[in-house]
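Novice: give me the fold of what follows.
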Amino acid sequence: MKEVRFWGLLLGLFVCLGAVIPLVSKADVLDMAPAGLNLEGLFEPGKFDRNSATMQTVSKNGHSQHVIELTNDDNQVGAMWSTPVNRFNMRVDNQVSMWVNFGDKAVSEGLAVVLQNDPRKMSAISRYGKKSIIGENLGVYGTDTYTRRTAPATIAKTAIQKSWALELDTKVNDGGFWGLYPRGNSFDEKPKKMHMAASYPASPDTYTQRGGLTSSYRFEQNHGSIADKLPLADGNWHHLVLKWVASKQIMSYTLDQGPTRMTTIDTTVGYPECYLGIN
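Specialist: Numbering: from 1, shown residues only. As a prediction, the model looks like this:
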């Protein structure tokens, strides 16, 4: 295997995610995993309580490589962050490539690729307080626990600060079948089915509060650069590529053979370096 330097070249990161894999077993998912890299010393589990993320070693063609599993049961949150020596350098062009697998049914919430310069560093995660984990925020967005009229800035403070996120969302949190909006099930009122979108989790502009007259108060997430109706939870490994052009402050991203989408990133998120993570 040729030497790979981080970040200027290719980062082969493999992520296995899912609370339950009903038809395709975990062993089958790992057996089908494409060739990857050994990530020892480059990524570590986030340093916060109840982190379910683990780095598992598998062998492919005589080479040792790592697969990151974020969750494997209900009511879990997981995050894996780049180590201090492997932070993302926003001053130069970079490319990040990974394979992701969500199981074969939409039983998990999905994942988010995150760039952040939160003061908590590798301990960064959405703030849940004493509440149960709310899956719709993917461990990076704000936590909606508000039953009264609330300013968007309030929920934004519970997100990972100074962050940018690209979400691959496998569960549409749109209020449920009856539209009763149980707490933590309202971020996705506009997206159609599974989707991919980019936004700033710590920005008040990312959230709009709805309800108050005929329905309960809840926050809706304002998705940027959205692509919906994606076949994410189909049991297959999906290839995700992100390319950063430093001079133009543009991040482009492509899933499988789909169209390439682009968005600008305010470098105050993490200039000159920030942590890269998978939540």
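
Novice: hey, where'd the helices end up in the protein?
Specialist: 26-31, 152-156 (DSSP state H).

Novice: just say which of the ones you listed is most tucked in.
Specialist: Each of those was scored by mean neighbour count; the highest is helix 152-156, a mean of 17, by mean count of other C-beta atoms under 10 Å. No exception for glycine: its C-beta is placed from N, CA and C like everyone else's.

Novice: before we move on, the earlier item: which of the helices of the chain has the lowest mean pLDDT?
Specialist: Mean pLDDT across the helices of the chain is lowest at helix 26-31; the value there is a mean of 76.

Novice: report all helices and strands that that helix contacts.
Specialist: Applying 3 or more C-beta pairs under 8 Å, 6 or more residues apart in numbering; DSSP states H and E, one finds that helix 26-31 contacts strand 12-16.

Novice: again, only using 10 Å
Specialist: On a contact count with 3 or more C-beta pairs under 10 Å, 6 or more residues apart in numbering; DSSP states H and E, helix 26-31 meets strand 12-16, strand 54-60, strand 63-69, strand 94-101.

Novice: just want the most central residue of this protein.
Specialist: For the chain, the residue nearest the mean C-alpha position is Ala112 (0.8 Å; C-alpha atoms, centre = their mean).

Novice: would CSV of the helices of the chain with distance to Lys192 be doable?
Specialist: Output for those, formatted as CSV (distance: least, C-beta to C-beta, whole Å):
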stretch, distance to Lys192
helix 26-31, 27
helix 152-156, 24
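
Novice: nearest to Pro259, out of those?
Specialist: Shortest distance between Pro259 and the helices of the chain, using C-beta to C-beta, is found for helix 26-31: 26.7 Å.

Novice: before we move on, back to that, touching, the residue nearest to the centre of the chain and Ile125? I think so.
Specialist: No - the pair Ala112 / Ile125 is not scored as a contact, 11.4 Å apart, by C-beta atoms under 10 Å.

Novice: who touches both of these two?
Specialist: Ala79, Asn137, Gly139, Val140, Ile160, Gly277, Asn279 (C-beta atoms under 10 Å, 6 or more residues apart in numbering).

Novice: looking at those residues, which is nearest Asp169?
Specialist: When the shared contacts of Ala112 and Ile125 are compared for distance to Asp169 (C-beta to C-beta), Asn137 wins out at 10.7 Å.

Novice: contacting residues for that closest one?
Specialist: 77, 109, 112, 125-128, 143-144, 155, 158-160, 165, 167, 173, 184, 187, 201, 219, 221, 279.

Novice: ChimeraX command for the buried members of those residues?
Specialist: To isolate the buried members of the contacts of Asn137 in ChimeraX, using 16 or more other C-beta atoms under 10 Å:
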select :77,109,112,125,126,127,128,143,144,155,158,159,160,165,167,173,184,187,201,219,221,279
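
Novice: make sure Ser186 is actually in contact with Glu220.
Specialist: Yes - Ser186 is within contact range of Glu220, at 5.9 Å (criterion: C-beta under 10 Å).

Novice: okay, these two: which has more neighbours?
Specialist: Remark: of Ser186 and Glu220, Ser186 carries more neighbours, 25 against 20, as counted by other C-beta atoms under 10 Å.

Novice: and the residue nearest to the more buried one when sequence neighbours are not counted, bridged to which residues?
Specialist: Take Ser186 and drop its neighbours on the chain: the residue closest to it by C-beta to C-beta, 6 or more residues apart in numbering is Arg218, 3.8 Å away. With DSSP bridges as the criterion, Arg218 is bridged to Arg210.

Novice: for Asn51, same thing?
Specialist: With DSSP bridges as the rule, Asn51 is bridged to Val77.

Novice: ok, now how distant is Ala233 from Leu166?
Specialist: According to C-beta to C-beta, to the nearest Å, Ala233 and Leu166 sit 17 Å apart.

Novice: Gly135 and Leu111 touch, don't they?
Specialist: No - applying C-beta under 10 Å as the test, Gly135 and Leu111 come out as separate, 11.1 Å apart.

Novice: more neighbours: which of those two?
Specialist: More crowded of Gly135 and Leu111, by other C-beta under 10 Å: Leu111, with 29 against 21.
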